[in-house]
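Enquirer: Fold the following and give me the result.
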Amino acid sequence: MGGSESPTDQVDEAELGENAPEPPEHLVLAAAFPEPTRDQWAAAVDAVVRKSGRIGEDAPLGAGVEKLAWDTADGLHVQPLYTADDVANDGAEAPRFAREGERWDVRQHHAGESGSAARAAILADLENGVTSIWLAVGAGGVPVAELPAVLDEVYLDLAPVVLDGGSSALEAGEAFLALAADREVPADTLLGTLGLDPIGLRARAGTGPDVSSVVPLAARVAAEYPLVKAVVVDATPVQEAGGSEAQELGFALASGVAYLRALTDGGLTVEQAARVLEFRFAATAEQFPTIAKLRAARRLWARVLEASGIGSGTSGVQTQHAVVSPTLFTKRDPWVNMLRGTVAGFAAGIGGADAVTVPPFDIALGAAEPFSRRIARNTQSLLIEESHLARVLDPAGGSWYVEHLTADLAQAGWAFFQEIEAAGGAVAALDSGFVASAVEAVRTTREKGIATRRTPLTGVSEFPNLDEKPVVRTPLPAPVKRGGLPLYRPAEAYEEYRDRSDAAGERPTAFLATLGPLAAYTARAGFARNLLQAGGIADVEAGPTESAEDVVAAYGGQPVVVLCSTDRLYAERAADTAAALRKAGATRILLAGRGDVDGVDGYLYAGCDALAVIDDVWKAFA
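Expert: Residues are numbered from 1 along each chain as shown. Below you'll find the predicted structure:
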């Protein structure tokens, strides 16, 4: 019965009299349990890992724990357990946040749209949860002359407009300020960011104007528009090229310092120069590195400004725009991109970003549709309004793991910053190829992880669906080929094979030569099927068999065969079955597992180069 009280609920404290228990001064939930030592925890972990066969009986204490550790793209060693002893308490004041209130700025990007389409999409976003607009102007965006029409009905003192002008940035910035003046928006209420970023342009295009080109417009903003940012310090080209978190941090610091130097040389004070900067970082589905990167960025910038004579006041606060990287998004099984966007957006919010951009899930396919834009903005609305992630600043602070990772990333980022400075600064390091070379080394490691499927891509390299219904979008204009840092999409290598398979008319099909009963071959057949389908290769299987003759009887003449079973059955029947299939017409025989079997051309196993295997199989169908 709704609202009824149990007898226990009705007991009044006064009725307990002297029997009323004294309330504890401090409630310790684990007080009844002995505090385990780190060695006890390690021994318990070792016991579990030993049972799995991953360490021997005579392995030293902690060997199992080390099996659970992993390394980041920067080579930082991440342990499975952290305690207070792992975090240095140097007494340094934590850098302040620019974000205030119970929400971050939901910023939607608009590019590749005509003037009228862009205007309609912008108004739809602002009416349904988006709080600022990130607008491409010039190449790849709306013409500068159409800026007034596109921003018609957008209140420039309520909804910040962030310009993405590329090579037209100065022209777009001047046009934006002129538009505000025409509308008689008071200078002290105008919101937005002009998006001047010759260094970021150079990182993408290979060329760009001199850093000092930002000075006249930035000086005007510093003097007249207290709520407007002029310059963007964009580190996302490093991530888009496959770089690491520390490299992104170091490049951001070097770029920020380059702008500080140019602006102060142009007559601004350090405080004025720092105030007109906005930093842009990538957010990825690796949530803890993203959280730690944003936290480390504030710490490092505070150190730069402290060395420049600025304390912890408002002018020393780093304003952060976190962009969920579009390079994460796949063309295949694009619905999974919704989950990638959610995890990355979560990490950006938890990390303390002032503004967050989550792309539409279909961005890799072409022009986004109203439905996909709605999902993108509602992703952030859910994180803010329903999950309440913005109510607490720095909720990850105090986590021994996050604090340790933040400190490690800050140290590694500072080291890369020093390397760039030693190479002559951000511009010189780009022009000499230093940044590209450093990023290439990390990208090569990432490519290996993708090729071996150690870094899985759900719906692409793992659990692909060859029968998925295509999601069709209007193609966007072909992007201008980058002359600077390359654009690296991890899914692209697998997607090329999938596209090739779809265009083949008759999909290439491999034969799974399953040996023994169902229970004997299910696991390895599933592994082989998953790997082959990631490359657009279909399969048929023999089913339960008792002999090589049974396998050959089920064989349909496919050029590629994969033997699937247990090691025991391989020892008994694999060589004979391979010989019989070769005689029946198979030209390429692989084995799911590892070993040395006569008549087998290659092996499929966890950690093998899946892309090399797929390429080899495709050649057999040529």
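Enquirer: contacts, neighbours, all on C-alpha from now
Expert: OK.
Enquirer: so where is the stretch 151-300 of the chain shaky, pLDDT-wise?
Expert: The stretch 151-300 of the chain contains no residues with pLDDT under 70.
Enquirer: next one: the stretch 1-150 of the chain
Expert: For the stretch 1-150 of the chain, the ranges with pLDDT under 70 are 1-25, 89-94.
Enquirer: mind listing the strands for it?
Expert: 70-71, 77-78, 105-110, 132-136 (DSSP state E, counting those that start in this stretch).
Enquirer: I'd like to know which of the ones you listed lies nearest to Arg482.
Expert: strand 132-136 (17.0 Å; CA to CA).
Enquirer: can I get the CA coordinates of that closest one in CSV?
Expert: Provided in CSV are the C-alpha atoms of strand 132-136 (Å, rounded to 0.1, in the frame of the first residue of the first chain):
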residue,chain,number,x,y,z
SER,A,132,27.0,27.6,-29.3
ILE,A,133,27.8,27.2,-33.0
TRP,A,134,31.1,26.2,-34.5
LEU,A,135,30.9,27.4,-38.1
ALA,A,136,33.2,26.6,-41.0
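Enquirer: Show me what counts as buried in it.
Expert: By neighbour count on 16 or more other CA atoms under 10 Å, the buried set for strand 132-136 is 132-136.
Enquirer: farthest-separated two in these?
Expert: Ser132 and Ala136 (13.3 Å).
Enquirer: Out of the buried residues of strand 132-136, which is nearest to Leu365?
Expert: Comparing the buried residues of strand 132-136 against Leu365 with CA to CA places Ala136 closest, at 18.5 Å.
Enquirer: Look up how far Ala548 lies from the closest one.
Expert: Counting by CA to CA, to the nearest Å, the separation of Ala136 from Ala548 is 63 Å.
Enquirer: And for Leu253?
Expert: 65 Å.
Enquirer: quick one, which of the two is more surrounded?
Expert: Using other CA atoms under 10 Å as the criterion, Leu253 and Ala548 rank with Leu253 on top: 27 against 20.
Enquirer: For the closest residue to that one other than its chain neighbours, list the residues it contacts.
Expert: Nearest residue to Leu253 in three dimensions, chain neighbours excluded: Phe417, at 6.3 Å (CA to CA, 6 or more residues apart in numbering). Shown in contact with Phe417 (CA atoms under 8 Å, 6 or more residues apart in numbering): 247, 249-251, 253-254.
Enquirer: ok, and the most crowded of the residues you listed?
Expert: Busiest of these [other CA under 10 Å] is Phe251, holding 32 neighbours.
Enquirer: Next, it: phi, psi?
Expert: With angles defined as degrees, to the nearest 10, Phe251 sits at phi -70, psi -40.
Enquirer: so Asp157 makes contact with Glu184?
Expert: No. Look at Asp157 against Glu184 with CA atoms under 8 Å: they stay out of range, at 10.6 Å.
Enquirer: Which one of those two is surrounded by more residues?
Expert: More crowded of Asp157 and Glu184, by other CA under 10 Å: Asp157, with 17 against 10.
Enquirer: Just list the residues touching the more buried one, thanks.
Expert: So Asp157 contacts 185, 189-191 (CA under 8 Å, 6+ apart).
Enquirer: want to throw the buried residues of strand 132-136 into JSON lines with distance to Thr264?
Expert: JSON lines is the format used below for the buried residues of strand 132-136 (distance: CA to CA, whole Å):
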{"residue": "Ser132", "distance to Thr264": "29"}
{"residue": "Ile133", "distance to Thr264": "29"}
{"residue": "Trp134", "distance to Thr264": "27"}
{"residue": "Leu135", "distance to Thr264": "28"}
{"residue": "Ala136", "distance to Thr264": "28"}
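Enquirer: of those residues, closest to Arg202?
Expert: Ala136 (16.9 Å).
Enquirer: you'd agree that closest one is up against Leu163?
Expert: Yes. The pair Ala136 and Leu163 passes the contact test of CA under 8 Å, sitting 6.2 Å apart.
Enquirer: in the stretch 451-600 of the chain, which spans are strands?
Expert: 509-514, 538-541, 560-564, 588-592.
Enquirer: what about the residue nearest to Leu253, helix or strand, and which?
Expert: Here Phe417 sits within helix 400-422, counting by DSSP states H and E.
Enquirer: Mind listing what's buried along that helix?
Expert: Across helix 400-422, burial judged by 16+ other CA under 10 Å covers 400-421.
Enquirer: With stretch 236-243 instead?
Expert: Going by neighbour count (16+ other CA under 10 Å), the buried part of stretch 236-243 is 236-243.
Enquirer: again, but for stretch 540-553
Expert: Neighbour counts over stretch 540-553 (16+ other CA under 10 Å) mark 540-545, 548, 550-552 as buried.
Enquirer: Greatest separation within those residues: which pair is it?
Expert: By the measure CA to CA, Val540 and Ala548 form the most distant pair in the buried residues of stretch 540-553, at 16.7 Å.
Enquirer: quick one, what contacts the nearest residue to Asn337 once chain neighbours are set aside?
Expert: Distances taken as CA to CA, 6+ apart put Phe361 closest to Asn337, at 5.1 Å, once the chain neighbours are dropped. Counting by CA under 8 Å, 6+ apart, Phe361 touches 329, 334-335, 337-338, 341, 372, 375-376.
Enquirer: from these, which is closest to Glu440?
Expert: Phe329 (20.7 Å).
Enquirer: how close does the closest one get to Pro198?
Expert: 27 Å.
Enquirer: repeat for Ala230
Expert: In terms of CA to CA, Ala230 sits 12 Å off from Pro198.
Enquirer: Kindly report the same for Glu385.
Expert: From Glu385 to Pro198 the distance is 37 Å (CA to CA).
Enquirer: quick one, which of these two is more surrounded?
Expert: Pro198 (28 against 14).
Enquirer: residue contacts, that one?
Expert: With CA under 8 Å, 6+ apart, Pro198 has these contacts: 166-167, 208-211, 214.
Enquirer: try 6 Å
Expert: Counting by CA atoms under 6 Å, 6 or more residues apart in numbering, Pro198 touches 208-209, 211.
Enquirer: Ok, Lys619 next?
Expert: Taking CA under 6 Å, 6+ apart, we find Lys619 in contact with no residue.
Enquirer: that's a strand at it, yeah?
Expert: No. Counting by DSSP: H, G, I helix; E, B strand; the rest coil, Lys619 is not part of a strand but helix.
Enquirer: okay, it: pLDDT?
Expert: Looking at Lys619, its pLDDT stands at 96.
Enquirer: Quick check: which element contains the residue nearest to Asn337?
Expert: Going by DSSP H and E, Phe361 is not in any helix or strand.
Enquirer: Please apply the same query to Gly349.
Expert: Taking DSSP H and E as the criterion, Gly349 maps to helix 336-351.
Enquirer: Could you check the angle that helix makes with strand 105-110?
Expert: Using axes from the mean of the first three to the mean of the last three CA atoms, to 10 degrees, the direction of helix 336-351 lies 140 degrees away from that of strand 105-110.
Enquirer: when you give positions from now on, start the count at 31
Expert: Sure, I'll start counting at 31 from here, so that last one is helix 366-381.
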